[in-house]
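> Structure, please.
(one chain, ligands or ions: 2)
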Amino acid sequence: MAKLFRAVIMGPPGSGKGTISERIAQSFGLARLSSGDFVRENIAANTDAGVLAKTYIERGLLVPDHVMTRLLLPRLEEMTRHSWLMDGFPRTLAQAKALNSTCDLDLVISLNIPYETLKERLSDRWIHPASGRVYNMGFNPPHVQGRDDISGEPLIQHDDDKPEALVARLRHYKDVAKPIIDLYKSKGILHTFSGTETDRIWPYINSLLSTKIPSTSQTDTQRIPMP
Ligand SMILES: Nc1nc2c(ncn2[C@H]2C[C@H](O)[C@@H](COP(=O)(O)OP(=O)(O)OP(=O)(O)O)O2)c(=O)[nH]1
Ligand SMILES: Nc1ncnc2c1ncn2[C@@H]1O[C@H](COP(=O)(O)OP(=O)(O)O)[C@@H](O)[C@H]1O
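Residues are numbered from 1 along each chain as shown. Ligands and ions are numbered 1, 2, ... in the order given. Below you'll find the predicted structure:
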């Protein structure tokens, strides 16, 4: 069997992680894993970790490391036969260390996007809360204004996407991401992409991954369901 491929995508809020992950999953057939989706699925399924996670999310807090690792690592251990790309985890150095002890990452993509660009994008971002689907009124608008394409339900805007909250969020990201980025740099697996437009960054990511991903991992396109 060809070697499997495991990657993580990192970047500040609004940097395009979700958008780029979707493209990578489609182009290379990696399973796309999102920590936010895992959390939402666990909440919906009423698992112990999900019930606990919900108490933090309801207060607008990050889920503590030990809950996140309990929720995610067993799922990763089940994926021994899959290549995957993870979005949203690790978000702290403790999570990165826990991930390290579970699997060997092949590659980390870090997105480096100017503050002004992030501010513009997020103030234009609308979300379908039940599914996590994301729209941008300029970049990828919904078919019907203010409505989710699939369910037709209303879209909302997050309070923390407003400019005044964004400065603090970005500062927080920089602080917590730095040691994680340093860790991956020291392992020689970090690749940083800078720019203001996803469509211009994408070709570089695409060509890097073309050289790294063994062709047999490219047959396995799927979104991983809950057990
Ligand atoms: N105008 C413009 N908008 C973009 C571009 N790339 C992505 N967007 C939009 C899509 C979304 O509404 C917003 C943020 O993109 P994503 O949700 O993919 O970002 P990310 O997953 O990093 O954000 P998150 O961590 O969930 O806050 O910006 C771009 O190149 N130009
Ligand atoms: N790695 C993580 N560590 C801690 N909490 C997390 C992590 N990933 C997701 N969460 C929790 O789940 C929520 C939803 O995650 P996500 O879909 O990535 O949304 P957002 O981009 O709004 O943070 C987060 O706001 C946070 O409370």
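> what comes up buried for the strand or helix carrying Thr55?
Using DSSP states H and E, Thr55 sits in helix 48-57. Buried residues in helix 48-57, counted by 16 or more other C-beta atoms under 10 Å: Ala49, Gly50, Leu52, Ala53, Lys54. Backbone N, C-alpha and C define where each C-beta goes, glycine included.
> show me what contacts the last one?
Residues counted as contacts of Lys54 (C-beta atoms under 8 Å, 6 or more residues apart in numbering) are Ile43.
> Just send the buried residues of helix 48-57 back as JSON lines, with pLDDT and distance to ligand 2 too.
Shown next, in JSON lines, are those (pLDDT from 0 to 100; distance: C-beta to the nearest ligand atom, whole Å):
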{"residue": "Ala49", "pLDDT": "91", "distance to ligand 2": "12"}
{"residue": "Gly50", "pLDDT": "92", "distance to ligand 2": "11"}
{"residue": "Leu52", "pLDDT": "93", "distance to ligand 2": "12"}
{"residue": "Ala53", "pLDDT": "92", "distance to ligand 2": "7"}
{"residue": "Lys54", "pLDDT": "91", "distance to ligand 2": "10"}
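> out of the residues you listed, who's nearest ligand 1?
Within the buried residues of helix 48-57, the smallest distance to ligand 1 is 16.8 Å, found for Ala53 (C-beta to the nearest ligand atom).
> name the element the residue of the chain found nearest ligand 2 belongs to?
Residue of the chain nearest ligand 2, by C-beta to the nearest ligand atom: Gly36 (1.9 Å). Under the criterion of DSSP H and E, Gly36 resides in helix 35-44.
> tell me which residues form a beta bridge with the residue nearest the centre of the chain?
In the chain, the residue lying closest to the centroid (C-alpha atoms, centre = their mean) is Asp87, at 2.2 Å. Taking DSSP bridges as the rule, Asp87 bridges to Ile9, Ser34.
> same question, Ile109
Going by DSSP bridges, Ile109 forms beta bridges with Ile9, His191.
> Report the separation between it and Glu116.
Distance of Ile109 to Glu116, computed by C-beta to C-beta, to the nearest Å: 22 Å.
> Which one of those two is surrounded by more residues?
Ile109 (25 against 9; other C-beta atoms under 10 Å).
> what sits up against the lengthiest helix in the chain?
Criterion DSSP state H: the longest helix present in the chain is helix 163-187. Residues outside helix 163-187 that contact it (C-beta under 8 Å, 6+ apart): 8, 10, 12-13, 90-93, 96, 105, 108, 110, 115, 118-119, 122-123, 159-160, 190.
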